[in-house]
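K.L.:
With the sequence up front, the predicted model follows.
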Amino acid sequence: MPIETPSHPTPFSQRPIIILGAGIIGCATARQLLQHGFSRSFSPGDQDISYASAWAGAAWHAAGGITPDQRYLQVITHRILLQMSRDPNSGVNIVDAREFLEKEPAPDSALWGRTVVSKFREMDPSEYPAEFHCAWAYQTLVTDPTRHMPYLRQQVEALGGQFLRRRVDSLQQLYEMFPDSRIFINASGLGSQKLADVLDDRCFPERGQNVFLRTDQCHTMYFRNGQEYTYVIPRPQSGGVILGGVKQQDNLSSEVDLNIAQDEITRAHRLAPHVVPKYPADETISHIIGIRPSRRGGYRLDSVQSGQRTILSAYGFGGGGYAFSYGVADALVKMVEESERKNVIV
Ligand SMILES: Cc1cc2nc3c(=O)[nH]c(=O)nc-3n(C[C@H](O)[C@H](O)[C@H](O)COP(=O)(O)OP(=O)(O)OC[C@H]3O[C@@H](n4cnc5c(N)ncnc54)[C@H](O)[C@@H]3O)c2cc1C
């Protein structure tokens with residue numbers, strides 16, 4: 001029987017996969033795809049406060065209120081970050097964590113994370129203030145974006161990926177820029193609110209403003225779990241801690257709000273008085289502002305076939321993009337393989 005020759009000269013698996021967005025989601029996906037042997041990825045992007053990945057905390061913390069499948073994405077992320085933590089250039093560090101709960105944990109609380117993190121234990125009441133219902137001690141992972149994003153970029157480029165800095169108004173514009181490509185990944189974060197052929201009205205900006213405090217007490221994370229949203233996230237390689245937090249819906253201001261900063265210092269001081277002074281010297285603090293790419297109803301992670309193209313969407317990770325990153329990348333690799341399977345098994 002004669003074998004039919006495909007009309008396109010470039011085999012499916014060798015056509016560039018195009019990723020829109022060079023945040024943690026787009027870059028982690030590019031790395032994982034390239035490691036699986038897929039062809040070069042291009043990740044257009046730029047940098048301002050709405051480029052969330054540059055400004056994150058960024059701690060691995062088990063999310064509450066999520067499904068088992070979503071938890072597993074966090075588990076995969078933890079596994080990959082743990083492996084990366086062996087490389088000092090990755091900006092990923094293992095740190096101790098102390099999590100204080102205002103109330104008894106709900107059945108779908110972050111407690112599931114005890115099966116993932118190391119050295120988990122319930123703390124004795126003598127170890128934490130009486131105002132808390134209970135507290136957990138464990139080891140977790142923190143990622144310093146100022147080191148991790150350049151590291152990831154270098155890894156993607158070393159594996160043959162390419163970055164292209166360009167703003168697009170629609171996915172259609174990308175299809176026209178890359179007519180040979182069949183797989184497009186939309187990892188544009190908040191960009192999906194404005195892309196003409198996405199216009200996802202569930203997306204919304206959630207402003208964060210953190211204080212960076214220079215200190216050598218930077219090896220333990222403190223986290224207040226409850227109504228008062230407070231964290232002290234260590235950055236051992238940058239010699240300091242991140243104090244937060246605040247979530248301001250639909251606020252896009254790039255101006256530092258000193259009242260917020262003072263409130264965060266006060267709350268962090270209450271949580272970890274031996275790390276955060278009540279009145280830190282001005283020269284020991286600086287401010288970080290970033291916009292979380294949030295989405296009502298949770299993030300979007302799916303694959304849609306449109307003619308010959310497969311369009312994968314991965315955006316809306318709000319305050320958890322780092323904790324989900326490599327799990328999402330892994331899920332996208334599987335979706336790409338599924339698309340490959342449909343296209344090459346003829
Ligand atoms: C203050 C703060 C603290 C945080 N702390 C944590 C934490 O402790 N743990 C955690 O897991 N997460 C944390 N996060 C959340 C985390 O930063 C985000 O969830 C994550 O960075 C989202 O990544 P992303 O790749 O989806 O989006 P982004 O990083 O926003 O990247 C989107 C990319 O798309 C590009 N893009 C968008 N539109 C277009 C367009 N039209 N054309 C071309 N390019 C476009 C952008 O330029 C950018 O490259 C924090 C965030 C903030 C702000």
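P.N.:
That came in fine, so what should we check first?
K.L.:
Could you list the low-pLDDT ranges of the chain?
P.N.:
For the chain, the stretches flagged by pLDDT under 70 are 1-8, 41-47.
K.L.:
List the residues that contact His148.
P.N.:
Contacts were defined as Cβ atoms under 8 Å, 6 or more residues apart in numbering; by that measure His148 touches Ile24, Ala58, Ser90, Gly91, Val92. Using the backbone N, CA and C atoms, a C-beta is placed for each residue, glycine as well.
K.L.:
Mind doing that once more with 10 Å?
P.N.:
The neighbourhood of His148, defined by Cβ atoms under 10 Å, 6 or more residues apart in numbering, consists of 24, 27-28, 53, 56, 58, 81, 84, 89-92, 142, 322, 325.
K.L.:
filter those residues to the buried ones?
P.N.:
The neighbour-count criterion (16 or more other Cβ atoms under 10 Å) marks 24, 27-28, 53, 56, 58, 81, 84, 90-92, 142, 322, 325 among the contacts of His148 as buried.
K.L.:
could you pick out which of those are near the ligand?
P.N.:
Intersecting the buried ones among the contacts of His148 with the surroundings of the ligand, defined as Cβ under 6 Å from any ligand atom, gives Ile24, Ser53, Ala56, Ala58, Tyr322.
K.L.:
The residue of the stretch 151-300 of the chain found nearest the ligand: neighbouring residues, count only.
P.N.:
Scanning the stretch 151-300 of the chain for proximity to the ligand using Cβ to the nearest ligand atom identifies Gly191 as nearest, at 2.1 Å. Counted with other Cβ atoms under 10 Å, the burial measure for Gly191 works out to 23 neighbours.
K.L.:
Not counting its neighbours along the chain, what's nearest it?
P.N.:
Gly21 (6.7 Å; Cβ to Cβ, 6 or more residues apart in numbering).
K.L.:
Kindly report the same for Ala58.
P.N.:
By the measure of Cβ to Cβ, 6+ apart, the closest residue to Ala58 outside its immediate chain neighbours is Tyr322, 3.8 Å from it.
K.L.:
That neighbour and Ala54 touch, don't they?
P.N.:
No. No contact is recorded between Tyr322 and Ala54 when judged using Cβ atoms under 10 Å, the distance being 11.6 Å.
K.L.:
tell me the contacts of Ile183?
P.N.:
When contacts are counted by Cβ under 10 Å, 6+ apart, Ile183 is found next to 12-13, 15-19, 33, 38-39, 41, 303, 309-312, 332, 335-336, 339-340, 343.
K.L.:
Just the buried ones from those, in PyMOL syntax?
P.N.:
Only the buried members of the contacts of Ile183 end up in this PyMOL selection, burial being decided by 16+ other Cβ under 10 Å:
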select buried, resi 12+13+15+16+17+18+19+33+38+39+41+303+310+311+312+332+335+336+339+340+343
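K.L.:
Next, count neighbours for Gly57.
P.N.:
The burial metric for Gly57, expressed as a neighbour count using other Cβ under 10 Å, is 28.
K.L.:
That one touches Asp144, doesn't it?
P.N.:
Yes. Taking contacts as Cβ under 10 Å, Gly57 lies within contact range of Asp144: 9.5 Å.
K.L.:
Please identify every residue contacting each of the two.
P.N.:
With Cβ under 10 Å, 6+ apart, Gly57 and Asp144 have common neighbours Ile233, Pro234, Arg235, Ile242.
K.L.:
which pair in those residues spans the largest distance?
P.N.:
Distances among the shared contacts of Gly57 and Asp144 were taken as Cβ to Cβ; the most separated pair is Pro234 and Ile242, at 7.9 Å.
K.L.:
Between these two, which contacts overlap?
P.N.:
When contacts are counted by Cβ under 10 Å, 6+ apart, the set common to Pro234 and Ile242 consists of Gly57, Ala59, Val142, Asp144, Cys218, Met221.
K.L.:
Without its sequence neighbours, what residue ends up closest to the fifth one?
P.N.:
Leaving out its chain neighbours, the residue that sits closest to Cys218 by Cβ to Cβ, 6+ apart is Pro234, at 4.2 Å.
K.L.:
Which helix or which strand is home to that neighbour?
P.N.:
Assignment of secondary structure by DSSP states H and E places Pro234 within strand 230-235.
K.L.:
chain center to that strand, what's the gap?
P.N.:
With Cα atoms, centre = their mean, to the nearest Å as the basis, the distance from the averaged C-alpha position of strand 230-235 to the chain average is 16 Å.
K.L.:
Relative to that strand, what are the paired strands and their orientations?
P.N.:
Within its sheet, and counting by DSSP bridges, strand 230-235 is paired with strand 220-225 (antiparallel), strand 240-244 (antiparallel).
K.L.:
most neighbours per residue, which of those strands?
P.N.:
A comparison of those by mean neighbour count, using mean count of other Cβ atoms under 10 Å, puts strand 240-244 on top with a mean of 26.
K.L.:
Output that strand in CSV with nothing but the alpha carbons.
P.N.:
As requested, the backbone C-alpha atoms of strand 240-244 are provided in CSV (Å, rounded to 0.1, in the frame of the first residue of the first chain):
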residue,chain,number,x,y,z
GLY,A,240,16.4,39.6,53.8
VAL,A,241,12.7,38.8,54.3
ILE,A,242,9.6,39.8,52.4
LEU,A,243,6.8,41.2,54.7
GLY,A,244,3.2,41.2,53.6
